[in-house]
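Undergrad: Starting from these lines, generate the structure:
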Amino acid sequence: MRAVIQRVSRAEVSSGAGTAGKIGPGLCVLAGFRHDDTERECAWAAEKIAGLRIFGDESGRMNRSLLDVGGEILVISQFTLYAACVKGRRPSFTEAARPDAARGLYGFFALKFREMGITVETGVFGADMSVDIINEGPVTIILDTAEMPDR
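TA: Model prediction:
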């Protein structure tokens with residue numbers, strides 16, 4: 001699983017049907033799932049993301065987590081995070097999870113944040129979406145479960 005994590009003052013995702021999810025201060029997470037990912041990787045990533053100390057403390061130092069500041073999270077599925085661009089000009093997505101598997105992992109990933117008491121909004125799985133964010137800092141972090149212990 002790969003995640004692009006952005007600290008935001010606000011974020012909104014919409015599809016043809018209108019606004020799908022909208023948050024205030026917190027994190028916007030673009031989540032891509034690999035063909036061999038399981039719920040284990042999703043749970044590890046959710047715990048890691050919720051605990052990342054990337055919000056300012058009283059001194060302005062990045063010392064507080066999403067849980068510490070009571071922020072919200074917007075999770076958007078994005079299979080293109082597994083684009084392989086080495087050969088030719090058309091990206092290959094063979095490492096990305098098949099849609100049926102990715103849909104389940106996406107739901108599980110969002111659920112893990114809800115279980116932590118975090119307000120979660122999501123995009124529309126498989127839809128063309130527009131994402132509007134105000135990235136604060138800017139702070140953008142990439143997390144890859146290929147680097148998790150015991151993988």
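
Undergrad: which secondary structure element contains residue 67?
TA: Here residue 67, judged by DSSP states H and E, is contained in helix 66-69.

Undergrad: In this structure, which helix is the longest?
TA: For the chain, the longest helix by residue count, based on DSSP state H, is helix 99-115.

Undergrad: What separation is there between the residue lying closest to residue 130 once chain neighbours are set aside and residue 59?
TA: Spatially, and ignoring its direct neighbours in sequence, residue 130 is nearest to residue 14 (5.2 Å; C-beta to C-beta, 6 or more residues apart in numbering). Just so you know, the C-beta spots here come from the backbone N, C-alpha and C atoms, and that holds for glycine as well. Separation of residue 14 from residue 59 (C-beta to C-beta, to the nearest Å): 37 Å.

Undergrad: sorry, back to before: pLDDT (mean, whole number) over the strand or helix carrying the residue nearest to residue 130?
TA: Take DSSP H and E as the rule and residue 14 turns out to sit in strand 2-15. Strand 2-15 carries an average pLDDT of 98.

Undergrad: Show the pLDDT at residue 148.
TA: Confidence score, pLDDT, at residue 148: 89.

Undergrad: And for it, the neighbour number?
TA: Neighbours of residue 148 under the rule other C-beta atoms under 10 Å: 14.

Undergrad: now it, nearest residue through space, not along the chain?
TA: In this structure, residue 148 finds its nearest non-sequential neighbour in residue 44, 5.2 Å apart by C-beta to C-beta, 6+ apart.

Undergrad: if we can go back for a sec, bridged to the residue nearest to residue 130, which residues?
TA: With beta bridges defined as DSSP bridges, residue 14 has these partners: residue 19, residue 130.

Undergrad: low-confidence ranges in the protein?
TA: Nowhere does the chain drop to pLDDT under 70.

Undergrad: Contact partners for the residue nearest the centre of the chain?
TA: Nearest to the mean C-alpha position of the chain, counting by C-alpha atoms, centre = their mean, stands residue 29 at 2.4 Å. By C-beta atoms under 8 Å, 6 or more residues apart in numbering, the contact set of residue 29 is 3, 4, 5, 6, 49, 73, 74, 75, 76.

Undergrad: Understood, closing this out.
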